[in-house]
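K.L.:
sequence first, then the predicted structure:
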Amino acid sequence: MPNLALPVGTTLDRYIMRRQNAFPFATGELSQLLRDIALASKIINREINRAGLIDIGGAAGSGNVQGEMQQKLDVIANIRFIRALKNGGEVCGIISEEDEHMIQTGNVNGKYVVAIDPLDGSSNIDVNVSIGTIFSIYRRVSPVGTEATLDDFMQGGRAQVAAGYVLYGSSTILVFTTGQGVSGFTYDNSLGEYILSHNDIRQPANGSIFSCNDGNADDYPAYVQDYLAQCKKQRLTGRYIGSLVADFHRNLIKGGIYLYPPTVKSPVGKLRLLYECYPMAFIAEQAGGMATDGQQPILDVRPVSLHQRSVLYIGSSEMVTQL
């Protein structure tokens, strides 16, 4: 007879409770903040799964601060995450890809600020390709009891206390780090819970995958073109989804490198430093990988504006070193 009472596994809440002593400033607020993000991601997962049934695919008819056309799900995800973080009470300020200015939550006693890309790769929504959410968490430097300030977000990548992403794909996976390694949790729809599925993720030191928009190759710097030529000569595999979260996650698990070089159109790079590059770099380094802008580690790049852009080369350490 099959075992009808097999253990479910470790839920996200139970994992957080067990590991709370390993979290910086472990007084419960960061644990609650991670739960708030997880809750919002469950709602977004539901909306994505039924997007084609309730007419929330396609463009919203407006642009964001980046000058990009917003998709309807961009707007929905932004609202959901901001609402969850406001209601959770632990966050005093938020910056989002979808909003030009810092968002004050009204929780002046909150000890944290969050930088977030609510829905990365949203142009892929209508063709049912994997998309994601990216987030970065800092402990505020402004006085508790006051509103958040720009300085709270300008601390630099090394000051992150936690970072992570959610991948909405064939399964929904939450991956995060608090500076004590990287863990992944897969969402069980039947239970409504994230279950630990990837404990202590380590990125292979080398890999066989390179990920970039090869259509822009003629605009890439000579050193990138040379590197890509070597990849092709070695018969490495080119894989590019166009969602940073999806490309990064595949390479994190299998080994590979993701490249978003400067181009004539975007000479300083296109990805946003605070809520795309910093959190992914934090995860990569915690998993044994590397992340650089070609001159220095991404986490050492000095932030000067909320929506600052950057070049990004990230992935297996040997491949990034070779580049």
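P.N.:
Perfect, I can see it now.
K.L.:
going forward, measure contacts between C-alpha atoms and count neighbours the same way
P.N.:
Noted.
K.L.:
okay, and the helix or strand of this structure with the least pLDDT?
P.N.:
Here the helix or strand of the chain ranked lowest by mean pLDDT, DSSP states H and E is strand 59-63, holding a mean of 50.
K.L.:
list the buried residues of the top helix by length along the chain.
P.N.:
Longest helix in the chain, counting residues (DSSP state H): helix 29-49. In terms of neighbour count (16 or more other Cα atoms under 10 Å), helix 29-49 has its buried residues at 29-42, 44-45, 47-48.
K.L.:
quick one, helices of the stretch 151-300 of the chain?
P.N.:
Using DSSP state H, counting those that start in this stretch, the helices found in the stretch 151-300 of the chain span residues 222-233, 244-254, 278-286.
K.L.:
hey, which of those is tucked in deepest?
P.N.:
Using mean count of other Cα atoms under 10 Å, the stretch among the helices of the stretch 151-300 of the chain with the greatest mean number of neighbours is helix 278-286 (a mean of 27).
K.L.:
what angle sits between it and helix 244-254?
P.N.:
With axes from the mean of the first three to the mean of the last three Cα atoms, to 10 degrees defining the directions, helix 278-286 sits at 0 degrees from helix 244-254.
K.L.:
packing partners for helix 278-286?
P.N.:
Judged by 3 or more Cα pairs under 8 Å, 6 or more residues apart in numbering; DSSP states H and E, the packing partners of helix 278-286 are strand 131-139, strand 162-168, strand 172-177, strand 290-292, strand 312-315.
K.L.:
quick one: closest of those strands to P204.
P.N.:
strand 312-315 (8.9 Å; Cα to Cα).
K.L.:
next secondary structure element downstream of that closest one?
P.N.:
helix 317-322 (DSSP states H and E).
K.L.:
can you give me the offset of that next one from its chain's centre?
P.N.:
21 Å (Cα atoms, centre = their mean, to the nearest Å).
K.L.:
what mean pLDDT does that helix have?
P.N.:
The average pLDDT within helix 317-322 is 98.
K.L.:
and if you look at stretch 13-23?
P.N.:
Stretch 13-23 shows a mean pLDDT of 78.
K.L.:
wait, Y112 sits on R140?
P.N.:
Yes - Y112 is within contact range of R140, at 5.1 Å (criterion: Cα atoms under 8 Å).
K.L.:
more neighbours, these two?
P.N.:
Y112 (26 against 21; other Cα atoms under 10 Å).
K.L.:
next, work out how far apart the spatially most central residue of the chain and V114 are.
P.N.:
What sits nearest the mean C-alpha location of the chain, by Cα atoms, centre = their mean, is I134, with 2.5 Å. As defined by Cα to Cα, to the nearest Å, I134 lies at a distance of 10 Å from V114.
K.L.:
repeat that for D74.
P.N.:
From D74 to V114 the distance is 17 Å (Cα to Cα).
K.L.:
from the contact counts, what lies against the longest helix of the chain?
P.N.:
Using 3+ Cα pairs under 8 Å, 6+ apart, helix 29-49 sits against helix 12-19, helix 72-88.
K.L.:
pick the most buried one from these.
P.N.:
helix 72-88 (a mean of 20).
K.L.:
chain center to that helix: distance?
P.N.:
Between the centre of helix 72-88 and the centre of its chain there are 16 Å (Cα atoms, centre = their mean).
K.L.:
now what about it, what contacts it?
P.N.:
Helix 72-88 has contacts (Cα atoms under 8 Å, 6 or more residues apart in numbering) with 32-33, 36-37, 39-41, 43-44, 48, 56-60, 91-92, 94, 96, 98, 105-107, 118-119, 122.
K.L.:
that one to strand 131-139, inter-axis angle?
P.N.:
If you take the same axes, to 10 degrees, helix 72-88 sits at 30 degrees to strand 131-139.
K.L.:
just the mean pLDDT for helix 72-88, thanks.
P.N.:
Per-residue pLDDT values over helix 72-88 give a mean of 93.
K.L.:
give me the helices and strands touching the helix or strand that it is followed by, please.
P.N.:
Following helix 72-88 in sequence order, the next helix or strand is strand 91-96 (DSSP H and E). If you count contacts as 3+ Cα pairs under 8 Å, 6+ apart, strand 91-96 packs onto helix 72-88, strand 103-104, strand 112-120.
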